[in-house]
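>>> Sequence below, structure please.
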Amino acid sequence: MGEILSSEDAASDFVGYEDLIDFMKERALHELEGDIVEIGAFMGGGTTKLARYAREHGRKVYAIDIFDPACDRTEDSNGVRMCDIYEAFLQGRSQLEVYRETTRGFDNIVTIDKDSREVEFPGEQRFIFGFIDGNHQPDYVRNDFHVIWRNLQPGGSVGFHDYKFDLPGVTAAIDGLIEEHRDEIGEIREIKDKHIVLLTRKV
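Numbers count the residues shown, from 1 in each chain. Here you go, the predicted model:
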């Protein structure tokens with residue numbers, strides 16, 4: 001169990017979940033009405049960090065993942081496939097089993113074990129924050145943005161991982177979304193060392 005938690009903590013530190021939580025605190029997003037959503041939970045280390053913050057404010061975290069590492073065959077700029085990176089982290093273990101072990105004890109996590117293209121939230125579900133680090137194909141990046149954005153509170157934010165990093169298709173898709181929704185975006189914040197960009201919806 002220690003190996004599972006320590007390996008995922010290292011991965012989530014690399015992603016930058018602490019920076020995301022600092023951003024939410026700085027913006028006092030907990031003062032808005034709504035929950036948190038994550039698309040691409042992987043082994044659950046980042047999910048637990050979001051859930052810990054959400055629990056302090058009586059909120060839930062909706063974690064969406066297909067839990068099949070072989071699904072994302074996107075290649076980075078060096079030709080390395082994302083699925084191979086995931087398998088290396090998992091070392092033969094079941095992604096879903098590792099995730100469930102990591103997130104055990106958090107009753108405010110709602111796990112949605114589905115392809116994100118099949119997910120649509122009801123209109124009354126509101127989000128204060130969303131983070132996207134799921135399938136890295138451009139059509140998924142665009143889909144995942146819309147899954148969150150249509151339910152995002154004014155003043156709420158959505159973040160993307162791998163912006164201006166080694167997945168040029170991801171960056172191009174995000175830049176396209178920024179251009180398409182420029183009139184709805186109040187602020188764009190980059191965390192350059194973590195390759196994260198955050199878009200805040202206009203109030």
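>>> going forward, measure contacts between C-alpha atoms and count neighbours the same way
Noted.
>>> what ranges do the strands span in this structure?
Along the chain, counting by DSSP state E, strands occupy 35-39, 61-65, 109-113, 127-132, 152-161, 185-191, 196-201.
>>> how far off strand 127-132 does the second one point, in degrees?
Interaxial angle of strand 61-65 relative to strand 127-132 (axes from the mean of the first three to the mean of the last three C-alpha atoms, to 10 degrees): 30 degrees.
>>> What is strand 61-65 packed up against?
Under the contact criterion of 3 or more C-alpha pairs under 8 Å, 6 or more residues apart in numbering; DSSP states H and E, strand 61-65 touches strand 35-39, helix 45-56, strand 109-113.
>>> Tell me which of these approaches L152 most closely.
Closest to L152 of these is strand 35-39 (C-alpha to C-alpha; 9.4 Å).
>>> Within its sheet, name the partner strands of that closest one and how each one runs.
strand 61-65 (parallel), strand 127-132 (parallel) (DSSP bridges).
>>> residues touching Y62, list them.
D35, I36, V37, E38, I109, V110, T111, I112 (C-alpha atoms under 8 Å, 6 or more residues apart in numbering).
>>> nearest to V80, of these?
For these, the nearest to V80 is E38 (24.3 Å; C-alpha to C-alpha).
>>> which residue sits closest to E75, ignoring its sequence neighbours?
Leaving aside its chain neighbours, E75 sits nearest to R81 (4.2 Å; criterion: C-alpha to C-alpha, 6 or more residues apart in numbering).
>>> hmm, back to that, can the helices and strands packed on strand 61-65 go into CSV with extra columns for mean neighbour count, distance to D144 and mean pLDDT?
Converted to CSV, the helices and strands packed on strand 61-65 look like this (neighbours: other C-alpha atoms under 10 Å; distance: least, C-alpha to C-alpha, whole Å; pLDDT from 0 to 100):
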stretch, mean neighbour count, distance to D144, mean pLDDT
strand 35-39, 25, 7, 98
helix 45-56, 20, 17, 96
strand 109-113, 17, 14, 98
